[in-house]
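**Student:** Sequence and predicted structure, then a few things I'm wondering about:
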Amino acid sequence: MILDLERFQALARPRWRELDSLLAALESRPDRRLNPAEAEQLQELYAQTAADLNRVTHGALAHELRQYLERLVARAYSELYYAPRMRSEIWQPRRWLRIFTAFPETFRRHARYFALAVLITVLGCAFGGLAVRYDPASVDVLLPADYLRNPGQRVHEEEQGQGQGRHQNSAQTEAAFSAQLIRHNIQIALLAAALGVTFGIGTALLLFENGVLLGAVAAHYTQQGFGLFMTAWLLPHGVFEIPSILIAGQAGFYLARLLLRRREDRNLRQSMREWLVLVAGLAMMLVWAGFMEAFFSQHHAPVLPYGFKVAVAAAELVLLTIYLLMTGRREIGTEAPSSVPSENR
Amino acid sequence: MTDTQLTRASTSAELTIATPEGVLFRLPLAGPASRLYAMLLDTAIVLGAVNGLGLLVYWIFSKAPGFGFMVIALAEFAIGFAYSALLEGFWNGQTIGKRLLHLRVIDQDGLPLRIEQAWVRNLMRVFDALPFAYLVGGLSVLSSPLMQRFGDRVAGTLVIRQTPLAAPVEDFWMRQKYNSFKDYPAIAMKLRRAATPELATLIQDALRRRNELAAYARREIYRELATYLQSEISPFPDELVEKLSDEQYLTNASGILFGDQRPSSR
């Protein structure tokens, strides 16, 4: 070691202190912006301290000093090379409201992953439905919850329960029920979206299983002649719940693709944001689905005619389709494939 | 500045960043244990906040407990996800638990965490928490050179250790007027060459903590260190060493290791 540590420290300590206090001042500032004079000063102190660090690095004895300088350099480095978003930008309500247009835009941009999710779910449905159709015994395997195995009894219970007016506090029960549904559904959907890290295999399995269940239930109830009841029971919330699980699958496949070609992706940040937008959008859909399921779907024939319930479901589906396909399109047919106007950085 | 070409290298315990200016610095990575403690702390904080909020909500909704339950259940769920994401996003990569344990989440290029990264890594918890007790995430941390759980791998983040460091102080042995070891430059050189950084730091720490150590412990430690140095590393002449206390021996050795190079006769 050629360095004279004592003299070196005595000479350099003032500039380290200066850098330290400049950084402390910056870090405590809410938007962490530099004015030109400070930027110049920071740049200069950073260069000097980095040079000091280089000198110490090769003399392995000054362990503590090296740590101290590394910390200083790391802090200065992150201030110099990172432009934080302005606080005022973050708190603009317009930015937050943009999620409502960004969601359908992102959905359309990655429609092929959605198609893949639909395909896998349909395969699952077909498998479940055909299995029940041609081998009624498979119901025991495919439908784990035993209340699903005896549709007649279930329908009777549901309609009876309705006839007696349930309890006086039915709105209370329904509110609590809706919260549980929303939590559970969002958790499952988020899992489907996160399982993209398994190269999409986990997402595909989850979608397929979901499809099998759906197909089996549908076939089972239809076979026993409760098709209309089931449609009216499941569709008012299902028209939001099922698409949102499919969008979760879309997000999962999108994530898998993202991770597979991570090295080529020049704009990983934007891609990650699109994944977030999909997740946020499907969460909003599931909140609606949860309320519908608890407050609307559970009311049966005498109170709400089945035809009315199916009509409501159909109206919901039409609105959802219009929202997902049309929102954010400025002029149909002229939309640029990757127009994201909010990217103001 | 995303187009700056950075080279990264890592060992099990640290990330080395090479800046565009050609400076290398290391960031010590946080191990799974400290991260677990931070998470438990955060969980306790969230539970406390949610329960406090719960009492308030139940009081407001005392006529309609079902709605109260709904509000609480949804708020708990939202807070569970948003707590870490918002705090990390706005508080430069730290939650309360992480701040108390001196941890920080950063971008894997050594830059501060961005808001969308904070959300991605925290939403990915649903996967990392599988099948129970963060087994997937824990295995991922242990098998990753950068100690990343899956959420970190996806978001491109990592957790570093940031224990507070005091500015280096001037030590008294730097200021001593006369160091008899400098009269034997050949042996002194041998000491400088042979002493590992760990050994040098050990000697330095032993001297710095002089007043924290009990007298008998200090005697023992100094004797062991001095004997080790004398017998294994740098055999100074016996007639010199006999006149020195162990403490003086170590002080001189530190002076050789950390201090001025020039002969003492100035």
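**Tutor:** Nice, thanks for sending it over. Since this is a predicted model, take the numbers as computed values, not measurements.
**Student:** from here on, contacts and neighbour counts on C-alpha atoms
**Tutor:** Will do.
**Student:** since we're on A:E241, how many residues are nearby?
**Tutor:** A:E241 has 27 neighbours, counted by other Cα atoms under 10 Å in any protein chain shown.
**Student:** ok, it - contacts?
**Tutor:** Residues in contact with A:E241, defined by Cα atoms under 8 Å, 6 or more residues apart in numbering or on different chains, are A:M285, A:L286, A:A289.
**Student:** Against A:L234, how distant is it?
**Tutor:** Relative to A:L234, A:E241 is positioned 10 Å away (Cα to Cα, to the nearest Å).
**Student:** just the residues of the stretch 201-345 of chain A that are near chain B, which are they?
**Tutor:** A:L259, A:R269, A:M272, A:R273, A:L276 (Cα under 8 Å from any Cα of the partner chain).
**Student:** Can you tell me which of those residues are classed as buried?
**Tutor:** Among those, those classed as buried by 16 or more other Cα atoms under 10 Å in any protein chain shown are A:L259, A:M272, A:R273, A:L276.
**Student:** any idea whether B:I106 is helix, strand or coil?
**Tutor:** strand (DSSP: H, G, I helix; E, B strand; the rest coil).
**Student:** gap between it and B:L36?
**Tutor:** On the measure of Cα to Cα, B:I106 and B:L36 end up 17 Å apart.
**Student:** Mind checking which of those two has more residues around it?
**Tutor:** B:I106 (24 against 16).
**Student:** quick one, what contacts that one?
**Tutor:** B:N92, B:G93, B:P112, B:L113, B:T157, B:L158, B:V159, B:I160.
**Student:** What's opposite it in the beta bridge?
**Tutor:** B:P112, B:L158 (DSSP bridges).
**Student:** Who are the contact partners of B:T95?
**Tutor:** If you count contacts by Cα under 8 Å, 6+ apart, then B:T95 has B:D42, B:S84, B:L87, B:E88 around it.
**Student:** Sorry, wrong one. I was asking about B:G89.
**Tutor:** B:L113, B:R114, B:I115, B:E116, B:Q117, B:A118, B:W119.
**Student:** and which of the residues you listed is nearest to chain A?
**Tutor:** Chain A lies nearest to B:E116 out of the contacts of B:G89, by Cα to the nearest Cα, at 6.2 Å.
**Student:** secondary structure class for that closest one?
**Tutor:** Look at B:E116: counting by three-state DSSP, its state is helix.
**Student:** Check the gap between the residue nearest to it when sequence neighbours are not counted and B:E88 for me.
**Tutor:** Here the nearest residue to B:E116 in space, its sequence neighbours aside, is A:R273; by Cα to Cα, 6 or more residues apart in numbering or on different chains that works out to 6.2 Å. Separation of A:R273 from B:E88 (Cα to Cα): 16 Å.
**Student:** Ok, B:E198 next?
**Tutor:** From B:E198 to B:E88 the distance is 35 Å (Cα to Cα).
**Student:** A helix includes B:A49, no?
**Tutor:** Yes: applying three-state DSSP, one finds B:A49 inside a helix.
**Student:** what's it in contact with, if anything?
**Tutor:** No contacts exist for B:A49 under Cα under 8 Å, 6+ apart.
**Student:** Can you name the residues that contact A:G152?
**Tutor:** A:Q224, A:F226.
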